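>>> Provided below are the primary sequence and the corresponding predicted coordinates.
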Amino acid sequence: MSEAFDSFEKVRALLQDEEACIRVLYEAKWPNGFRCPSCGHDHAYPIATRRLPLYECSRCSKQTSLIVGTVFQGTRTPLHLWFQAIWLHSRPGSINALQLSKEIHVTYKTAWLICHKLRHAMSGADADALLTGAVRLTDACIYHRVSSNMKWHQQEQSVLIGATDGENGEPENVKIKKQDKSLLKHRLEAPKPGSFILEHVATEARMSVNFVRQYSRERHHALLKIGREVEKWLAELFRGIGPKHFQVYLNHYCYDWNRRKTSRFGDLLGWCAATRTITYPVLTRRLSVRSGRRSRSTESRAVG
Ligand SMILES: [Zn+2]
């Protein structure tokens, strides 16, 4: 699949109608052939009376749609535009909602929602991949402000960056997780990496995690470099991100980084086909009075 779709022009040409997209999505959703979600049977009859076909299980007669249980569920946007959006998100550096709205000719709100649904799929992609082997960990500050004040600046985001030590010391399987600033009395206090290690490091590797603080002489330069690159990416592509959606943008960056040497279109399409959608009301729900505060960033404008 990856070679056939190695340019945006090819994606537009090969996937210009819904029929072609349905065939590709069918392969992504059921790579080993149809599987009934109710009884597990492997044969169904297609019922092509709607825009997207239904499949009726030949054993239990339950009907299932191609997009149920995927990020496309409930969408009114044609699949070929979704596929173009997936391809544009698969490029190194990715794309923001305003750029996407112009590329595929949809409203900003639709583009914003597509971007977030794709990020939702990316977030699930690495969630279960625990760090193994020699694991390095550092704290870092995104949107760091120079200040003699010990208090956090509102825009500063405390994160932990962890990765497995790969060949030549290059980080592999990078994870960046936002820390709850309210648990740190001040900006110089050392974060406690216990919950990061429990959630993201394999049991056998936990005791040997090498946690070094960002300003230590032995600091992990490669991880801190990734932190600076994240900050640059967020600032240049999204003009900064507020706290509410900050973690999913970190997940997006890690998804890209962990696949930087591979073709991603088929991978992201596969995750979209295997991930339950997230809806606009859930995305825009105020998480709390404090974190739901209006952000001035471009990407958060539609949230309000
Ligand atoms: Zn069935």
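That came through, no problem. Residues are numbered from 1 along each chain as shown.

>>> surely A129 meets E172?
No. Between A129 and E172 there is no contact under C-beta atoms under 8 Å: 10.3 Å. Bear in mind the C-beta positions are built from the backbone N, C-alpha and C, glycine included.

>>> where does the protein have low pLDDT?
1-3, 286-304 (pLDDT under 70).

>>> ok, E170 to A222 distance?
For E170, the distance to A222 equals 7 Å [C-beta to C-beta, to the nearest Å].

>>> cool, F246 as well?
Per C-beta to C-beta, F246 is found 22 Å from A222.

>>> Could you do A127 as well?
23 Å.

>>> out of these two, which sits in the more crowded spot?
Applying other C-beta atoms under 10 Å to A127 and A222 shows that A222 carries more neighbours, namely 18 against 12.

>>> Can you tell me the closest non-neighbouring residue to the more buried one?
Nearest non-adjacent residue to A222, counting by C-beta to C-beta, 6 or more residues apart in numbering: P171, 5.4 Å away.

>>> What residues of the strand or helix carrying S195 count as buried?
Under the criterion of DSSP states H and E, S195 resides in helix 194-200. Buried residues in helix 194-200, counting neighbours by 16 or more other C-beta atoms under 10 Å, are found at 196-197, 200.

>>> Let me know the next secondary structure element after that helix.
Counting by DSSP H and E, the next helix or strand C-terminal to helix 194-200 is strand 210-211.

>>> contact partners of that next one?
With contacts defined as C-beta atoms under 8 Å, 6 or more residues apart in numbering, strand 210-211 is touched by 134-138, 193, 220.

>>> Same question for stretch 133-145.
Residues outside stretch 133-145 that contact it (C-beta under 8 Å, 6+ apart): 153, 155-165, 171, 179, 187, 190-191, 193, 196-197, 201, 205, 208-214, 219-220, 222-224, 227, 230-231, 234, 240.

>>> Stretch 88-106 now?
Here stretch 88-106 has contacts from 8, 77, 81, 84-85, 107-108, 110-112, 114-115, 118, 233, 237-238, 252, 256, 260, 263-265, 267-268, 298-299, 302, using C-beta under 8 Å, 6+ apart.

>>> Buried among those? Make that a ChimeraX selection.
For the buried members of these, the matching ChimeraX selection, counting by 16+ other C-beta under 10 Å, is:
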select :81,84,85,110,111,112,114,115,118,233,237,238,252,256,264,265,267,268,298,299,302
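
>>> Apart from its neighbours in sequence, what residue is nearest Q155?
Leaving aside its chain neighbours, Q155 sits nearest to Y143 (4.6 Å; criterion: C-beta to C-beta, 6+ apart).

>>> residues near that neighbour, how many?
15.

>>> Please spell out which residues along whichever strand or helix holds K225 are buried.
For K225, the element it lies in under DSSP H and E is helix 221-238. For helix 221-238, burial by neighbour count (16+ other C-beta under 10 Å) applies to 222-224, 226-227, 230-231, 233-234, 237-238.

>>> Put the alpha carbons of whatever helix or strand comes next after it into PDB.
Next in sequence after helix 221-238, counting helices and strands by DSSP H and E, comes helix 246-258. In PDB, the C-alpha atoms belonging to helix 246-258 read as follows (Å, rounded to 0.1, in the frame of the first residue of the first chain):
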ATOM      1  CA  PHE A 246      -1.400  19.600  25.100                       C
ATOM      2  CA  GLN A 247      -1.000  15.900  25.700                       C
ATOM      3  CA  VAL A 248      -2.600  14.800  22.400                       C
ATOM      4  CA  TYR A 249      -0.200  17.000  20.500                       C
ATOM      5  CA  LEU A 250       2.700  15.400  22.400                       C
ATOM      6  CA  ASN A 251       1.300  12.100  21.400                       C
ATOM      7  CA  HIS A 252       1.100  13.200  17.800                       C
ATOM      8  CA  TYR A 253       4.800  14.300  17.900                       C
ATOM      9  CA  CYS A 254       5.900  11.000  19.400                       C
ATOM     10  CA  TYR A 255       3.800   9.000  16.800                       C
ATOM     11  CA  ASP A 256       5.700  10.900  14.100                       C
ATOM     12  CA  TRP A 257       9.100  10.600  15.700                       C
ATOM     13  CA  ASN A 258       8.800   6.900  16.400                       C
END
